[in-house]
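Engineer: Show me how the following folds:
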Amino acid sequence: PPLRGQSEGGTAPEPGPLSFRLPAGAEGMGVLRRGRFTLSIPERKMWKDGREIVLTPTEWTLVRLLMEREGYSVSRDDILSEVWGRFYVGDLKVVDVNIRRIRQKLEDDPSNPQIIETVWGFGYRWKRSVP
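Structural biologist: Below you'll find the predicted structure:
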């Protein structure tokens, strides 16, 4: 394969963010794959369709929590405890605000979310990937 900045056939590389490919056998080494998304736990990075998505530390932790529990509903209270700590004192809306920011980065159409579903009156769920 060509090196970064090079392309096959000697043509100029396409502009845009660098794409990412996992090394062979990386699955199970702290890497989560969910549909079009890859999350590297050791690197604390995320990719969609091979392009890196820049997340804040809080957003990354929240995405990891939902990806690890793919298909299961996670309550706002559980999200608050896991991401902000058991003794967080503040507005519960901090969860909703961060989910909205994450959707802006992950969803093709953030106003019609297909990846992170709202479980009304309860919390959120990372939608189970279709094989």
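
Engineer: Would you check how far apart residue 101 and residue 112 are?
Structural biologist: From residue 101 over to residue 112 the distance is 17 Å, taken as Cβ to Cβ, to the nearest Å. The C-beta positions use only the backbone N, C-alpha and C, and glycine is treated the same way.

Engineer: So the two - more neighbours on which side?
Structural biologist: residue 101 (16 against 8; other Cβ atoms under 10 Å).

Engineer: Return the alpha-carbon coordinates of the host helix or strand of that one using PDB.
Structural biologist: Using DSSP states H and E, residue 101 maps to helix 93-106. The C-alpha coordinates for helix 93-106 follow below in PDB (Å, rounded to 0.1, in the frame of the first residue of the first chain):
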ATOM      1  CA  LYS A  93     -29.300  18.300  30.600                       C
ATOM      2  CA  VAL A  94     -25.600  18.000  30.300                       C
ATOM      3  CA  VAL A  95     -26.200  14.500  28.900                       C
ATOM      4  CA  ASP A  96     -28.700  15.700  26.300                       C
ATOM      5  CA  VAL A  97     -26.400  18.600  25.200                       C
ATOM      6  CA  ASN A  98     -23.400  16.200  24.700                       C
ATOM      7  CA  ILE A  99     -25.600  13.700  22.800                       C
ATOM      8  CA  ARG A 100     -26.700  16.500  20.500                       C
ATOM      9  CA  ARG A 101     -23.000  17.500  19.900                       C
ATOM     10  CA  ILE A 102     -22.100  13.800  19.200                       C
ATOM     11  CA  ARG A 103     -25.000  13.400  16.800                       C
ATOM     12  CA  GLN A 104     -23.700  16.500  14.900                       C
ATOM     13  CA  LYS A 105     -20.400  14.700  14.400                       C
ATOM     14  CA  LEU A 106     -21.600  11.100  13.800                       C
END
